[in-house]
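Asker: Have a look at this prediction, sequence included:
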Amino acid sequence: MDKPSLNIVRAADITAHSQQFSHPWNPNSEMHGTQLARSVGLKRTGVNFIRVPAGRESYVYHSHQHEEEWIYVLAGRAIALIDDVEYEVGAGDFIGFPAPSVAHLMRNPGPGDLVYLSGGENREFDVAEFPKLGKRMVKSGKRVDVYDEADSRPFGPL
């Protein structure tokens, strides 16, 4: 029998430890999943197993200035909203968002679940934009601040 390893997450554990998450700024957001990278102690990169039910969306439309992201669709189909253009994607399709990225969101038109792996960097500092909401998030270490873009002012000599 294999000795238990902190470096392996078994398939049964991925299902057993699945949690539901909805982004508070998107009432249509509903995801069920497991943070795989954290399960094995990875700190600089994220990998997540995500399931989005039919008729729901993944997160909130956003982009990152410093952290790259990617999505690999395992099952189902989705509408990937990327830089205000809709693309139909399905099992086997890979999507990458190099930094600085364009805004993006996954929407499941149904009828079944959308299942995918997502991942990206987990840097000490990042700026995320939420263009449809007019908000900006600044992450510095463990601190995360959210600002209304309307309150932004230039700094320095005029």
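Answerer: Okay, I see it. Numbers count the residues shown, from 1 in each chain.
Asker: average pLDDT across the host helix or strand of T34?
Answerer: Assessed by DSSP states H and E, T34 sits inside strand 31-35. Average pLDDT, strand 31-35: 95.
Asker: can you offset everything so residue one is 27?
Answerer: Understood, numbering begins at 27; the last thing we discussed is strand 57-61.
Asker: Quick one: residues in contact with it.
Answerer: By C-beta atoms under 8 Å, 6 or more residues apart in numbering, the surrounding residues in contact with strand 57-61 are 35, 39-40, 43-48, 72-79, 82, 84-85. Where you see a C-beta, it was placed from the backbone N, CA and C, and this is true even at glycine.
Asker: what are the pairing partners of that strand, and which direction each?
Answerer: Strand 57-61 pairs in its sheet with strand 45-47 (antiparallel), strand 71-78 (antiparallel), by DSSP bridges.
Asker: Check those for me and report the most buried one.
Answerer: When those are scored by mean count of other C-beta atoms under 10 Å, the highest mean neighbour count falls to strand 71-78 (a mean of 19).
Asker: And the helix or strand just after it, what does it pack against?
Answerer: Counting by DSSP H and E, the element after strand 71-78 in chain order, helix or strand, is strand 89-90. The criterion is 3 or more C-beta pairs under 8 Å, 6 or more residues apart in numbering; DSSP states H and E, and the helices and strands that strand 89-90 contacts are strand 151-156.
Asker: partner strands of the strand it packs on, parallel or antiparallel?
Answerer: strand 89-90 (antiparallel), strand 161-166 (antiparallel).
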